[in-house]
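In: What follows is a predicted structure for the sequence shown.
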Amino acid sequence: MESSAVENQGTMSSEPIHPYYPRDLRLPHYVPNEKSAAELVGVFFGVIGGFMVATWVLASSARTVKFSIPQRIILCWFVMSGIIHSVLEGYFGIYHQTLAGRMTFLGQVWKEYSKGDSRYLSSFYRIPAIIRNQGQACETLSSQRRLKWLSRLNQDFTGKNLGNVRVCSDHFIMGKPVDLYDETNPDWAPSLKMGHEKLGFFKTSKDRYERISKRKVTIKAKATEMFPEEELCPNEAPDDSTNTDCNVETQTDLNGFLIDAMSSELQALRLEMMDIKKHVAISKLCLSDLIGKDDKVKFLTGLSSYDVLAMLYEYLKDFIPTKKNR
């Protein structure tokens, strides 16, 4: 029964096969242990046993304080607990996000221990907060991301503290959410095993991100092929008496990838220009806005005060062309 489940997992996914439950738990960076469970347990408790023996010997040979046998046992117990909590659990606290792929001794100990509870190999992430102290663009983007997370979770959080809500790494393609500004990445919000039927856009988002990534690689390769660094002319001052080895006439072979890339960039620039025009239209400056603001008048016009600007305006206003709004 277990072998058939392993075969099904191997045929349905290209990810490494792991021994943890549930069987469909996604651990894309998993690497199997090299050491057996007996070897890991033997070495680990052998080291702890060595520290406990050393503690017992030091406690027995102490001259200033005489420890009874029960006190020595308690002291050895504290030494063992201290090693486990500081070393073993300290390693987990530092490397828990990449624990499934670590091949150090302590990493393999944790992977063996996690067979009893696979949650040790998973990570849990908070719902993104709205960032309000890094500019309007960052606030808008973080707000959109938070709403996207909540819409994909598709749960009723009425009366609940969202600060206490956690999302498992199993809901992300690469096992963790990406940076705020990588908004085309499918891991910008959770997308796997969401428990509802609204799954169509997840596949579309993933496919679109893969197409964009491949297109960027292809464009970069084509640009390198057409304009290799060794063929570029050096940046030197022009000299009529010196001949250059660089060809004056060049021919560029444009293909579909480059045309699509340039069209996308042109469209983005057009949208940016329209946005700038809207901001300029909103932020028009009137003469009345400068009343009593001599410093601003001097900064914008070079004139000493608002009174000078007003006198100059009264003299020239009949000659200033006006533009009617359509």
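Out: Nice, I can see it. Numbers count the residues shown, from 1 in each chain.
In: And the strands in the stretch 101-250 of the chain?
Out: 124-126, 166-168 (DSSP state E, counting those that start in this stretch).
In: So which of those strands is nearest residue 32?
Out: Nearest of the strands of the stretch 101-250 of the chain to residue 32, taken as C-beta to C-beta: strand 166-168 at 22.3 Å. Heads up, the C-betas are built off the backbone N, CA and C, glycines and all.
In: Could I get the average pLDDT for the closest one?
Out: For strand 166-168, mean pLDDT rounds to 84.
In: Give me the residues contacting that strand.
Out: 122, 123, 124, 125, 126, 127, 149, 153, 190 (C-beta atoms under 8 Å, 6 or more residues apart in numbering).
In: Recalculate using a threshold of 10 Å.
Out: Residues from elsewhere that reach strand 166-168 (C-beta atoms under 10 Å, 6 or more residues apart in numbering): 25-26, 119, 122-128, 149, 152-153, 175, 177, 189-190, 192-194.
In: Buried residues, it. List them.
Out: Within strand 166-168, the residues that count as buried by 16 or more other C-beta atoms under 10 Å are 167, 168.
In: State the mean pLDDT of stretch 115-131.
Out: The model assigns stretch 115-131 a mean pLDDT of 84.
In: ok now stretch 289-296, how far from the chain's centre?
Out: 45 Å (C-alpha atoms, centre = their mean, to the nearest Å).
In: now the helices: where do they sit in the stretch 51-200 of the chain?
Out: Listed in chain order, the helices of the stretch 51-200 of the chain (DSSP state H, counting those that start in this stretch) span 69-83, 89-95, 105-113, 136-153, 200-226.
In: Based on its surroundings, how many neighbours for residue 165?
Out: Per other C-beta atoms under 10 Å, the neighbour tally for residue 165 reads 16.
In: State the distance from residue 181 to residue 136.
Out: According to C-beta to C-beta, to the nearest Å, residue 181 and residue 136 sit 14 Å apart.
In: quick one, which of these two is more surrounded?
Out: A count of neighbours by other C-beta under 10 Å puts residue 181 above the other of residue 181 and residue 136, at 11 against 8.
In: doesn't residue 134 make contact with that one?
Out: No. Counting by C-beta atoms under 10 Å, residue 181 stays clear of residue 134, with 11.1 Å between them.
In: isn't residue 297 right up against residue 313?
Out: No. When contacts are counted by C-beta under 10 Å, residue 297 is not listed as touching residue 313 (11.1 Å).
In: before we move on, back to that, could you tell me which residues touch both of residue 181 and residue 134?
Out: Residues within reach of residue 181 and of residue 134 at once, by C-beta under 10 Å, 6+ apart, are residue 141.
In: Now do residue 205, the pLDDT please.
Out: 59.
In: now swap in residue 248 and tell me
Out: Residue 248 carries a pLDDT value of 43.
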